[in-house]
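Student: sequence first, then the predicted structure, then my questions.
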Amino acid sequence: MAHTSPQPDPEADRARLDRATRDLDPPFAVVDLDAFRHNAADLRRRAAGTPIRVASKSVRCRDLLGRVLGTPGFEGLMAYSLAEALWLHREGASDDILVAYPTADRAALRALAADPAAAAAITLLVDSEEHLDHVDHVVGPHREPLRVCLELDAAWHPIPGGIAHVGPRRSPVHTPARARRFAERIVRRDGFRLVGIMAYEGQIAGLGDAPPGKPLLASALRWMQRRSAAELAERRADAVARVRAVAPLEFVNGGGTGSIETTGAERSVTEIAAGSGLIGPTLFDAYRAFRLRPAVLYALPVVRRPSRSFATLFTGGYIASGPTGPSRAPSVHLPRGLKLTAAEGAGEVQTPVSGAAARRLRIGDRVWLRHAKAGELAERFAQYHLVEGNQLVGAVPTYRGEGMSFG
């Protein structure tokens with residue numbers, strides 16, 4: 001069962017947000033600081049003492065990253081590119097940054113190798129000797145060792161041999177034996193120091209087990225996730241033990257917002273990655289174990305009234321990455337009783353909405369929406385306006401607002 005707490009009344013929430021932002025002209029995006037803090041506290045509760053490494057891609061705002069890293073229970077950052085990690089380190093965001101994806105960025109690798117402080121703070125992800133070869137080709141083998149983390153494939157293979165693959169297509173290192181062999185190759189090579197293992201179980205952490213209106217799919221997902229979690233716990237513990245026999249690991253990272261309880265229960269895991277759980281995007285509405293509060297919203301203005309039951313909003317086509325389909329579209333949050341139209345959806349220059357609530361909308365009114373994913377909205381807006389209670393308390397730049405974009 002989900003851990004629940006009183007949810008704000010929708011109409012009161014809309015009035016509060018409208019009142020706080022009455023002097024702003026939409027489109028704009030806001031962070032509800034009360035919801036942000038609530039979500040951070042709930043992530044910490046669910047982690048039950050296991051430290052949480054903050055996934056920066058789900059936030060993309062240095063002010064918000066600083067706020068959560070100043071909260072007990074959150075330690076270190078998980079960056080999504082080496083260039084981003086270098087920038088965050090240079091700006092003083094953290095001295096413990098794990099890059100969650102392998103890099104082929106030659107300029108960033110040269111910058112890392114040339115900066116001893118950055119090299120001591122940033123850990124690269126590797127899953128093959130080809131990654132090691134690329135680093136050596138770019139910066140040369142004769143240097144101070146670079147910190148690396150071995151990625152273990154966390155996907156579930158219900159049929160041995162990988163004939164069936166359930167989960168993200170990430171590392172080729174799936175078995176504990178292969179993990180040890182790769183670890184041995186890393187420690188034999190000059191210029192690298194193996195400090196961690198990471199395994200991301202996306203089939204659990206990023207896939208809600210309670211899709212609305214789909215009970216058969218929900219049952220199938222829960223069956224899959226139970227078996228996947230049990231298999232991974234055993235395999236990860238074996239892999240960690242074998243790699244620890246080769247190198248003294250500093251950390252074992254796993255999980256994500258959707259798998260905190262199961263990942264945190266594994267004794268071999270020393271930290272959990274999470275970021276979306278701070279923001280509360282729509283893709284995380286379909287979990288039974290927890291309920292996030294929408295902490296980041298955006299407002300669009302009503303600019304047309306084509307008929308009594310339709311209103312047209314300006315711009316709004318902020319579609320999330322991933323498999324194309326309705327789950328990647330934004331959703332109307334407030335007022336209740338509105339939905340996107342099947343014919344136009346969320347558009348580049350206009351977004352029609354329909355429903356009973358449209359009859360009460362007037363030109364200039366604002367409609368509040370939520371993005372499907374946590375961090376991608378920051379690529380659309382240069383700043384987030386901060387709302388606390390019914391007050392506007394400031395504005396902070398997103399990565400885009402600081403002139404930074406990392407692909």
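Tutor: Yes, it's here. Numbers count the residues shown, from 1 in each chain.

Student: residues contacting the nearest residue in space to residue 127 that is not next to it in sequence?
Tutor: Excluding its sequence neighbours, the residue lying closest to residue 127 (C-beta to C-beta, 6 or more residues apart in numbering) is residue 171, at 3.8 Å. (Each C-beta comes from the backbone N, C-alpha and C, glycine too.) Neighbouring residues of residue 171 by C-beta atoms under 8 Å, 6 or more residues apart in numbering: 127, 151-153.

Student: secondary structure class for residue 171?
Tutor: Classification of residue 171 using DSSP: H, G, I helix; E, B strand; the rest coil returns coil.

Student: tell me the confidence at it?
Tutor: Residue 171 is assigned 94 on the pLDDT scale.

Student: distance check, residue 243 against residue 273.
Tutor: 19 Å (C-beta to C-beta, to the nearest Å).

Student: same check on residue 245?
Tutor: 25 Å.

Student: so which of those two has more stuff around it?
Tutor: residue 273 (25 against 11; other C-beta atoms under 10 Å).

Student: surely residue 93 is in contact with residue 77?
Tutor: Yes. Between residue 93 and residue 77 there is a contact at 6.5 Å, judged by C-beta atoms under 8 Å.

Student: the two - which one has more neighbours?
Tutor: Neighbour totals were compared for residue 93 and residue 77, and residue 77 leads with 29 against 19 (other C-beta under 10 Å).

Student: so what's the more buried one bridging to?
Tutor: Residue 77 forms beta bridges with residue 54, residue 97, as assigned by DSSP bridges.

Student: for it, what are its contacts?
Tutor: So residue 77 contacts 53-56, 65, 69, 85, 88, 93-94, 96-98 (C-beta under 8 Å, 6+ apart).

Student: quick one: pLDDT of residue 121?
Tutor: pLDDT, read off for residue 121, is 98.

Student: and for residue 5?
Tutor: 58.

Student: can you tell me the helix or strand for residue 148?
Tutor: strand 146-151 (DSSP states H and E).

Student: contacts for that strand?
Tutor: 98, 102, 112-113, 119-120, 122-127, 132, 135, 170-171, 173, 179, 182-183, 186, 191-200, 243, 251, 253.

Student: excluding its backbone neighbours, what's nearest residue 287?
Tutor: residue 208 (4.8 Å).

Student: phi, psi of that neighbour?
Tutor: Phi and psi for residue 208, reported as degrees, to the nearest 10, are phi -60, psi 140.

Student: so it touches residue 258, yeah?
Tutor: Yes. Here residue 208 reaches residue 258: they are 6.9 Å apart, a contact under C-beta under 8 Å.

Student: tell me which of those two has more neighbours.
Tutor: residue 258 (27 against 18).

Student: any idea how far that one lies from residue 220?
Tutor: 16 Å.

Student: likewise residue 88?
Tutor: 39 Å.
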